[in-house]
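*Asks:* here is the input, now give the coordinates:
(2 chains)
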Number of protein chains: 2
Amino acid sequence: MAEPTASAFKVAMRGFVGSCSLITMGAGEAASGLVVTSGISLTAEPPMVLACVNRASSGWPLLKEAGVFGWSALGAAHQAVAERFSGRSGARGAARYDGADWVTGAAGARTLAGAPLAFDCAVEEMLDRGTHSIVIGRVLAIRTTPGQGALIYWNGGYRGLAE
Amino acid sequence: MAEPTASAFKVAMRGFVGSCSLITMGAGEAASGLVVTSGISLTAEPPMVLACVNRASSGWPLLKEAGVFGWSALGAAHQAVAERFSGRSGARGAARYDGADWVTGAAGARTLAGAPLAFDCAVEEMLDRGTHSIVIGRVLAIRTTPGQGALIYWNGGYRGLAE
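*Replies:* The predicted structure follows:
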């Protein structure tokens, strides 16, 4: 049995609903962030989250350096923000933050104002596997904004979901 | 800053869209499985997936033992299957497989017939963190069934999405 190719795997994964989050890190001009569909809960006690981050992304070295990050689940109206952080709009690094409002947490991580769910996190572990790091974050603070719906990525496009 | 409680974290995570998958393991009477919203892609080259599995679940020791598992993304019509594998219906172990059709892959793992996306996986690593294991699986084979929509878990309930 031949192992499936990377391309076959990617095509198949397009059919899997991705729940969109922003992972944001760094401050001032040395800031970046990325939109991921790999954000999940790891344990509730203690509150820990996990995301797989491409080590070729601009955010990866900043995560290592800063040791803290923001996690913002995206709402139905946040497609433009997702596109900026996906790099599709051409925006790089700190410029990705333009055009949206941010909340800076006590630990220094920024999260998206109005995100349905926002966590300030401390990097607990970064486990390198192939092209990616499994980033484990300890949740330091939680902020929620009800009624924002959710943004998913599915079959190659974004879709906003109403509650 | 006080660390958020497990309960506050769980309440917040209810607002995060979960993409539903079944993780199935074991054969015959020594079979079990669970429905998770923690299934994600790790790397495409090689094709690897990741899921966080509660170590108190009946499937966890079977995963260790079998070394292979099935991963089935759930379609819009699969809520009843999800409920059986969530344990809510009272079904335990092998009885969770009743009432649905299964495909047994070359490595011995079963996946749900008609799942939008099904992977036969070999356990690559199980990393214990707190109450859970981070299970990393290498994708051995892929099967897709187009047009099945998707099942999400959000705000405490299942929702089927049409394509």
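*Asks:* so stretch A:98-115, near chain B or not?
*Replies:* Yes: against chain B, stretch A:98-115 shows contacts by Cβ under 8 Å from any Cβ of the partner chain at A:106-107. From N, CA and C alone the C-beta is placed, and that goes for glycine too.
*Asks:* which of the residues in that stretch are buried?
*Replies:* Residues of stretch A:98-115 classed as buried by neighbour count (16 or more other Cβ atoms under 10 Å in any protein chain shown): A:100, A:102-103, A:105, A:107, A:109-112, A:114-115.
*Asks:* could those residues go into CSV alongside secondary structure, pLDDT and distance to A:Arg84?
*Replies:* Shown next, in CSV, are the buried residues of stretch A:98-115 (DSSP: H, G, I helix; E, B strand; the rest coil; pLDDT from 0 to 100; distance: Cβ to Cβ, whole Å):
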residue, secondary structure, pLDDT, distance to A:Arg84
A:Ala100, coil, 97, 8
A:Trp102, strand, 98, 13
A:Val103, strand, 97, 17
A:Gly105, coil, 92, 21
A:Ala107, coil, 87, 23
A:Ala109, coil, 88, 18
A:Arg110, strand, 96, 14
A:Thr111, strand, 98, 15
A:Leu112, strand, 98, 11
A:Gly114, coil, 98, 15
A:Ala115, coil, 98, 14
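*Asks:* now A:Ala113. Nearest residue, chain neighbours left out?
*Replies:* A:Asp101 (3.9 Å; Cβ to Cβ, 6 or more residues apart in numbering or on different chains).
*Asks:* tell me how far that neighbour lies from chain B.
*Replies:* 19 Å (Cβ to the nearest Cβ, to the nearest Å).
*Asks:* the helices in chain A, which residues?
*Replies:* A:6-13, A:59-66, A:79-86 (DSSP state H).
*Asks:* give me the distance between the second one and the centre of its chain.
*Replies:* In this case it means helix A:59-66. 13 Å (Cα atoms, centre = their mean, to the nearest Å).
*Asks:* any idea of the mean pLDDT in that helix?
*Replies:* Mean pLDDT, computed over helix A:59-66, is 95.
*Asks:* nearest to chain B, out of the helices of chain A?
*Replies:* Nearest to chain B, of all the helices of chain A, is helix A:6-13, at 3.7 Å by Cβ to the nearest Cβ.
*Asks:* quick check, that closest one touching chain B?
*Replies:* Yes: Helix A:6-13 reaches chain B (Cβ under 8 Å from any Cβ) through A:6, A:8-10, A:12-13.
*Asks:* if any of those are buried, give me the PyMOL selection for them.
*Replies:* Applying 16+ other Cβ under 10 Å to those leaves a buried subset, and the PyMOL line that selects it is:
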select buried, chain A and resi 9+12+13
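*Asks:* so can I have TSV of the residues of helix A:6-13 next to chain B showing pLDDT?
*Replies:* As requested, these are exported to TSV (pLDDT from 0 to 100):
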residue	pLDDT
A:Ala6	97
A:Ala8	97
A:Phe9	98
A:Lys10	97
A:Ala12	97
A:Met13	97
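*Asks:* show me where chain A dips below the pLDDT cut-off.
*Replies:* A:1 (pLDDT under 70).
*Asks:* what ranges do the strands span in it?
*Replies:* Secondary structure of chain A (DSSP state E): strands at A:18-19, A:21-27, A:30-36, A:40-43, A:48-54, A:68-73, A:102-104, A:110-112, A:117-129, A:132-144, A:150-154, A:157-161.
*Asks:* OK, contacts around the residue nearest to A:Leu62 when sequence neighbours are not counted?
*Replies:* Leaving aside its sequence neighbours, A:Leu62 sits nearest to A:Gly26 (Cβ to Cβ, 6+ apart; 4.0 Å). By Cβ atoms under 8 Å, 6 or more residues apart in numbering or on different chains, the contact set of A:Gly26 is A:32, A:59, A:62, A:65-66, A:94.
*Asks:* ok, A:Leu42 next?
*Replies:* Neighbour list for A:Leu42: A:48-50, A:136, B:38, B:52, B:129-130, B:132, B:134 [criterion: Cβ under 8 Å, 6+ apart].
*Asks:* and if we set it to 7 Å?
*Replies:* Residues near A:Leu42 by Cβ atoms under 7 Å, 6 or more residues apart in numbering or on different chains: A:48-50, A:136, B:52, B:129, B:132.
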